[in-house]
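[1] Pasted the sequence and its predicted model underneath.
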Amino acid sequence: MIKKSTPKERRIILKHADDPNYSNKIDCYLKNGGYSVLKKAFAMKPEDIGEEVLKSGVRGRGGAGFPAGMKWKFLDRKSGKPIYLICNADESEPGTFKDRQIMYKDPHQLIEGMMIAAYAIQAKQSFIYIRAEFFEGARILERAIEEAKEKNLCGDNILGSSFCCDLVVHRGAGAYICGEETGLIESLEGKRPNPRIKPPYFPAVLGLYQCPTIVNNVETLCNVKHILEMGGDEFAKLGKPNNTGTRIWCVSGHVKKPGYYEFECGALTLGEMIYDVCGGLLPGRSLKAVIPGGSSSKILRADERFTGKLKDGTEFDWGIDDIPLDFDGPASAGSMSGSGGIIIMDDTVDMVEAMANINAFYAHESCGQCTPCREGSLWMRKITKRMCSGHAREEDADLLLSVANQIEGRTICAFGEAASWPTQSFIAKFRDEFELKAKNDHSKPTLQLI
Amino acid sequence: MAKTVVLPREPLSLSERTYLPQIVTGLKTTFSNMFKEKVTLQYPEEKPIIPKNYRGVPTLVKDPNGREKCVSCQLCEFVCPPKAIRITPGAVSEDDNSRAHVEKAPKEFEINMLRCIYCGYCQEVCPEEAIFLQEEYSSSGYSREEMINKKDKLYELGGTLPDSHYKWDKKKSAEDDGNDH
Amino acid sequence: MLDFELLFLVGLKVLFALLMIGAVMTMAGYSVLAERKVSAWMQGRVGPNRTVLPFVEYIPFLGPYLKKMGIFQPLADGLKFLFKEEIIPGHVNKFYYNLAPIVALVPALTTMVVLPFGEFFTSDGESIPLMLADLEVGILFILAISSLGVYGIVLAGWSSNSKYPFLGSIRSSAQMISYELAMGLSLLPVFLWVSEPGTGAMGLSLVDIVHSQGNAPWLLLVQPLSALIFLIALFAETNRLPFDMPESETDLVGGFHTEYGGFKFGIFFVAEYAHIVVGSAIFTIIFLGGWHFLPWVADPWPSTWVGTLIGIGWFLAKTIFLIFFFIWIRWTLPRFRYDQVMNLGWTKLLPLALLNLIFYVLLVTWIDQPAS
Amino acid sequence: MGSNGNTSSITINLNGNDVDVPAGINLVEAAAIHGTEVPHYCYHPQLSVAGNCRMCLVEMGNPMRDRGTGEPILDENGVQKIGWIPKPVIGCGTNVTPGMHIKTESSMVTDSREGIMEFLLVNHPLDCPICDQAGECRLQEFATDYGRGYSRYVERKNVKPKRTRLGPRVTLDDERCILCSRCIRFCQEVVDDDVLGFVDRGSFSTLTCFPGKELSNNYSLNTVDLCPVGALTSTDFRFKMRVWFLKESPGICTESSAGSNILVSSREGVIHRITPRRNDSVNDSWMADSGRELYKSVTNEKRLLTSSVESQKCDLSSAINSAVTFLQDKKLGIVGSCHSSLEEQYLLTKLAKTTKAKKFLRGHFGDDDGILVSADRTPNLRGTLVTGFSTKYPTDDLTEISEAIDKKSISTLLVVGEDLFNSGLTPDQLKGVSIIYIGTHENATSSRANVVLPSLTSFEKSGSFINRSFRLQKFKQAVPGPAGLLPDLHIIASFLNALDQEKEQTSDIVSIWKQLSKSSTNPLHKIKYTDIPQDGIQLDSTRWSDLDFVEKKAMHFSPRKLNKVTQN
């Protein structure tokens, strides 16, 4: 798919993604100035790299949006235990497909970013935990690592320095929960990916093999390269304050041109994204709802007004089209930018069906470790499935909401929130559709005592 | 506040104080009663009409499929005030498909009718609705042993009752259908 | 040398005595049945209606009727008492314990010795009363002997060595003493009245009393207060409700016979009913004109053996009515509390009986004044 | 802050009251110390924290401090503000810190508990009527305390395997499992036998054994005790008796010198199961499966039920009388037992003194599993040392006796419990020897004995044992003995009374202890039987430090020689 760059698009990470002449081989990467930043980094002190990253204000692209520099600062360097760097390439949030593009089309960018990061945190061993379904991605990365090792850009004595950092690609086994960093660590250790309880298992202190560990998203680690290239201050000028750099948005759903688009943070609004960048909705359709940050973020209704106060004190009154696409914009609108997976829904969508689909995903992906998420997600799935198969009841909307509320905030990991937020927002914003379902159904189940 | 009014007691007249007129009135009443219709039920020939909720002899019942309902949870044994019930629990063989999903059944179930006080706690406590105090009220025997109702006797007395739940059947069918994941 | 005539007379008397005992015992037995039947009827029940002798059942009409009336029930009751296990509790004084029922029964049976129940007309028209012994002091004999009955009860209560029987027997003796007085005092006016005025012959003979009521008002009508006091005292003496202090099922379990069972209990039972039978007969003799027909009416039956039988029948009818009256009262009135029994006896009946006596003494004195 | 000078104790605020708790414990334990129950399933004090049941959620807050300066932030009253965490935290995974505020009864907490309880029950089969756990089931208990009381669940419940055989002694009902992972952690952490794990995910997660393995280790039944619900059940106890009928008596496991504390559960004199009793100095909350089988010896067909003289059955008193005539033999030997209670060994020692008999003792040894089955397979070998029955460490045979017989210094033997014929003695050697046998079960010695006196098992009598670490522990009679049988104490006391008419020997344990604790050189000095706590008393054992005990390092036990090294 070859796309015409929209005027406002600014590609840094995906600079070469759609270049037909660009390949994921190291030669091509080196030709385009690859690994030069790594050399630059090795000339710096590791702490200074950390400072640059902190200065850049780059926030994690995995979903939570936690400043990466801050995360590195939390690292327990005094314990004397080895430090590990893990790249979280378990991209499996429905609606998100950005990391895949990076890994498939520009793997060396990731490797370079990781080596810089590893040097910065002095990790001797690093991993790329890649989603099981990315067979090809894993192959590409492994080949790329081989190439990099041959060129002494990775592995032992990188670029002739005394710094060694091995890089291993680890393939998951097909579980969404491995995207949760402690779950990922467990999985990497060879166990069931049951997320760990925090406290005490903060990865920066007790991570992989009970050692300090940094887990970063693919896009975040790629950004590290660009931060060093530009300098932290320069990078911070991209985008808006506190929302620095560019972001890759993955647009899917009922628009004419779905796809991935890289923009400076806050450079455009949701409306511009839908109508200008993605070419608008399909003919004859109207916008119904948008999920702005992957399936776990809260849904936004098309005819809603969003009002409130931003962090800097300015008041806002937005329609759905006015929401700026950065970290804080969707958050101010009561949702989140998450992993940047924008899902557009037009008026053909039955919200209960959509809900059922999302619930089915979360029920299937719950690891089953802690009670609320394990039982609640399946219960919600059963309710919405039943509603879609013609057995809806009036009280189901309230029941769903109650179950979701019982999950939220009581689980070990953020999966609980991810599973409950969609339900909470769907019911809050489209309660009429849920109630209509019940009205039109005539075969309602009664309580069965088994 | 309701006000209490104390009524003065009327003094008795002389004839009243002898009580004799009252005695005569009483005699009249009892005498007239002699010729009224009798209410006695001639028991063995005439049987009483058993009211609803009557608590007769405790019995064990089977479900409409003829399976024993008791799972020997021993709650009746526990709750029985005079300790008339004695259960020896046993396991149902895994191969026994007739018992749906149940794994447990009484190996022996005894109710000592010499001890039973017909309180109905056993029926009330039974989670499986397997024990009922039914309409049977005459229970007799020539020895103490005869008065201990064994499992077969209890089922013979209890018979089959309709079941509105079919709890274990539902479990069984859920197992047969499997999970829908 | 044997005096055959004497022997014959003695034999005859013994035969009569046995007949009397048989009759009274039978009546006692059937009183029990009557009690059960009457109480049942009064309470809307049917009473005993199951017992029947073999084959009798198949007699048309009569058989089922007898069965329905429970005619054979006393037989079954008696047999039951006979065949029940004789239990003698370990804590009792065995000798007195066994003696007590006998002591209770003997006086009840002895009193009937002096009871006249009819008259026999000889060929020359002379009337001979039918009784075992025509004592001049018949009524005194009855009062003396019947008050002995309390010894049986006291003995039973004491020898049982148990608190309820003991309490029952104490109450019983107190009650006997209390009502004995009133009873005796209530009879005195009767004899004052009956004695021929002016003759000075003070007959205490029961036969004379009966005769005095022939073709004349019954003493009940002449002396109603005496009759009432006597009747109440009779109830108390026979331990009938509402004066059932010795038994007091409600508060003393079974009173004096709590520890008794089987045949010994049966004897107490029979004694009690024998008392009732005898008491009824005495009341009939004294106040209801004995075997005479009706007040102021001459006996309509001939002075032959037919008349004798009718007279006996009439006497029995009156007695049976009184027995019925005993039962009737029992199922009508509630029982007294012990203190009420005492209160009634000492503060009501005794003064009343005294006043009654004084009144009749004065009345008789006034009547007896030789016309001057 | 709240520190009262004692560094190991800190002050926290529990439901509005300041309370002192030991530092470093978690909120569940801290609340429990002060009588507040925080319900929990997955947490177990002797296992690692998993934090997955979410039942122990509590509301927590810490005193607020300014991030920059570290100064306390005060409210208008000058009291430090409490920064309440907006989400509930798990009590098991959160340790106390000074000044911490906890609410265990707030509406957020009760709401969480109600929600978790509902979630736990939606896919639970609710088959309490046939569930062995009913009556001691945490799910039942907390459902009563925190449950909603009605169901909102109209969907079909999940189906999982029932009656799964996990091992020779454990049966699993997966539908009842609440996935608390206690059993998994127990196998990993205590037994070091990693066999259990979950398969499938989400609500369909199922406990199972790893392929090719089964839960067959000697501690597998502890998983049944650990299981807060009825998922893991003992195959032996399954469907035998409802627990609410069972009477529990504290006992001591006689399997080995570890002396695990146990609870003997019986109904109407019949023992139905044995479960461990928590004693953090001996066995934590565990015991070996093999020890749980011991109750079967009570009704074993080899049980001696009648006394006999020269193989003729007779009543106990005449058997004692004829035994006394044998005991008057000047060439008497007494074979004691390491299975006897301390009190019995004491009386036996006294008997030996009175009759001037020679004393013999045999040890029983096996393999040490490093946990709760020690090499010494008797419960009370230390008791023979403390009571003075023996001064040296016994060997596992009785060949000493054969030497004595050969020297004609023994012609009568009083044997308590041991079998002479599997202790290195032959029938020929014992041909001219009279034998009096006191024991619970038949063996070759009892069938050869001139007088057989049946006695009671440790479940049928009270007494005390001294375990491998010289810990004095008492056990209580759990069930009455068979009709007509009397405890060994009574039999030996009768011997003493018959042989020495002057001093009357009582068979009452409390009185025997008065004699036992008289000597000031004895480690039992001044101990009263009634004062021995349920978890035992550690005795001074320096007197026996030279003896070479066979036990190896195990749970809460290190061999004496190791101790010496560490002391140096």
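    Great, that's in hand. Residues are numbered from 1 along each chain as shown, chains lettered A, B, ... in the order given.
[2] Those residues of chain B touching chain C, which are they?
    B:23, B:26-27, B:29-31, B:33-40, B:42 (CB under 8 Å from any CB of the partner chain). C-beta: built from backbone N, CA, C; applies to glycine.
[3] Most widely separated two among those?
    Spatial extent of those (CB to CB) is set by the pair B:23 and B:42 at 34.0 Å.
[4] For those two, indicate the residue with more neighbours.
    Taking other CB atoms under 10 Å in any protein chain shown, residue B:23 and residue B:42 do not tie; residue B:23 has more neighbours (14 against 11).
[5] which non-adjacent residue is nearest the more buried one?
    residue C:333 (6.5 Å; CB to CB, 6 or more residues apart in numbering or on different chains).
[6] in what helix or strand does that neighbour lie?
    Using DSSP states H and E, residue C:333 sits within no helix or strand.
[7] isn't it right next to residue B:29, touching?
    No - when contacts are counted by CB atoms under 8 Å, residue C:333 is not listed as touching residue B:29 (11.2 Å).
[8] These two: who's more crowded?
    Shown here are residue C:333 and residue B:29; by other CB under 10 Å, residue C:333 has more neighbours (18 against 11).
[9] which residues touch that one?
    Going by CB atoms under 8 Å, 6 or more residues apart in numbering or on different chains, residue C:333 touches B:23, B:26, C:241-242.
[10] In the residues you listed, which has the lowest confidence score?
    Within the set of these, pLDDT is lowest for residue C:241 (74).
[11] Distance-wise, check the residue lying closest to that residue once chain neighbours are set aside relative to chain A.
    Using CB to CB, 6+ apart and skipping residues adjacent in sequence, the residue nearest residue C:241 is residue C:330, 4.2 Å away. Distance of residue C:330 to chain A, given as CB to the nearest CB, to the nearest Å: 60 Å.
[12] just to revisit the earlier point, now rank the residues of chain B next to chain C by neighbours and give me the top one.
    residue B:30 (21 neighbours).
[13] my read is that residue is in a helix, agree?
    Yes - the assignment for residue B:30 by DSSP: H, G, I helix; E, B strand; the rest coil puts it in a helix.
[14] What's the local residue count around residue A:39?
    Neighbours around residue A:39, by other CB under 10 Å: 13.
[15] So the closest residue to it other than its chain neighbours versus chain B, what's the distance?
    Counting by CB to CB, 6+ apart, residue A:159 is the residue found nearest to residue A:39 once chain neighbours are left out, at 6.1 Å. Separation of residue A:159 from chain B (CB to the nearest CB): 51 Å.
[16] Over to residue A:35?
    47 Å.
[17] need the contact list for that residue.
    Going by CB under 8 Å, 6+ apart, the list of residues near residue A:35 reads A:29, A:108, A:112, A:151, A:153.
[18] Okay, helices next: where are they in the stretch 151-300 of chain C?
    Remark: helices assigned in the stretch 151-300 of chain C by DSSP state H, counting those that start in this stretch are C:163-194, C:206-212, C:219-222, C:224-237, C:249-252, C:262-287.
[19] can you list these in TSV and add distance to residue C:70 and mean pLDDT?
    TSV is the format used below for the helices of the stretch 151-300 of chain C (distance: least, CB to CB, whole Å; pLDDT from 0 to 100):
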stretch	distance to residue C:70	mean pLDDT
helix C:163-194	29	84
helix C:206-212	33	77
helix C:219-222	32	80
helix C:224-237	25	87
helix C:249-252	22	75
helix C:262-287	16	85
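[20] looking at those, which is closest to chain B?
    Set against chain B and scored by CB to the nearest CB, the helices of the stretch 151-300 of chain C come closest in helix C:224-237, at 8.1 Å.
[21] Mind checking which of the residues of chain B next to chain C are in helices?
    Among the residues of chain B next to chain C, the residues falling in helices (DSSP state H) are B:23, B:26-27, B:29-31, B:33.
[22] Just to check, residue D:315 is in contact with residue D:307?
    Yes - contact criterion CB under 8 Å: residue D:315 and residue D:307 qualify, at 6.9 Å.
[23] Those two: who's more crowded?
    Ranked by neighbour count (other CB under 10 Å), residue D:315 and residue D:307 place residue D:307 first, with 26 against 11.
[24] Residue D:492 versus that one, what's the distance?
    From residue D:307 over to residue D:492 the distance is 14 Å, taken as CB to CB, to the nearest Å.
[25] Residue D:338 too?
    Residue D:338 is 16 Å from residue D:492, by CB to CB.
[26] repeat for residue D:30
    For residue D:30, the distance to residue D:492 - CB to CB - is 50 Å.
[27] Just the pLDDT at the closest residue to residue D:543 other than its chain neighbours, thanks.
    Spatially, and ignoring its direct neighbours in sequence, residue D:543 is nearest to residue D:523 (7.4 Å; CB to CB, 6+ apart). pLDDT recorded at residue D:523 is 89.
[28] Can you tell me the SS state at residue D:523?
    Classified using three-state DSSP, residue D:523 is coil.
[29] Could you look up the SS state of residue A:262?
    Residue A:262 is classified as strand under three-state DSSP.
[30] Give the bridge partners for it, please.
    Residues in a beta bridge with residue A:262, per DSSP bridges, are residue A:248.
[31] for the residue nearest to residue D:543, phi and psi?
    Main-chain dihedrals, residue D:523, degrees, to the nearest 10: phi -60, psi -10.
[32] Report how many residues lie close to the nearest residue to residue D:486 once chain neighbours are set aside.
    Leaving out its chain neighbours, the residue that sits closest to residue D:486 by CB to CB, 6+ apart is residue D:316, at 6.4 Å. Using other CB under 10 Å, residue D:316 has 17 neighbouring residues.
[33] How about the one 3 residues further on?
    If you count neighbours by other CB under 10 Å, residue D:319 ends up with 22.
[34] ok, now the one 10 residues further on?
    Counted with other CB under 10 Å, the burial measure for residue D:329 works out to 17 neighbours.
[35] And for residue D:249?
    Residues near residue D:249, counting by other CB under 10 Å: 18.
[36] hang on, it is in a helix, isn't it?
    No - applying three-state DSSP, one finds residue D:249 to be strand, outside a helix.
[37] Next one: it relative to residue D:268, how far apart?
    With CB to CB as the criterion, residue D:249 and residue D:268 are 13 Å apart.
[38] what's the most distant pair in the contacts of residue A:35?
    Greatest spacing in those, by CB to CB: A:112 and A:151 (11.2 Å).
[39] who has more neighbours, these two?
    Comparing residue A:112 with residue A:151 by neighbour count (other CB under 10 Å), the higher total belongs to residue A:112, at 28 against 17.
[40] helices or strands up against the lengthiest helix in chain A?
    Longest helix in chain A by number of residues, with DSSP H as the criterion: helix A:415-440. The contact analysis (3 or more CB pairs under 8 Å, 6 or more residues apart in numbering or on different chains; DSSP states H and E) places helix A:415-440 against strand A:287-291, strand A:300-301, helix A:351-365, helix A:371-388, helix A:396-407.
[41] Contacts only, for residue 167.
    By default, I'm working from chain A. A:111, A:114-115, A:118, A:126-128, A:145, A:148, A:154-155.
[42] think we crossed wires, I meant chain D
    Applying CB under 8 Å, 6+ apart, one finds that residue D:167 lies in contact with D:195, D:209, D:214-217, D:220.
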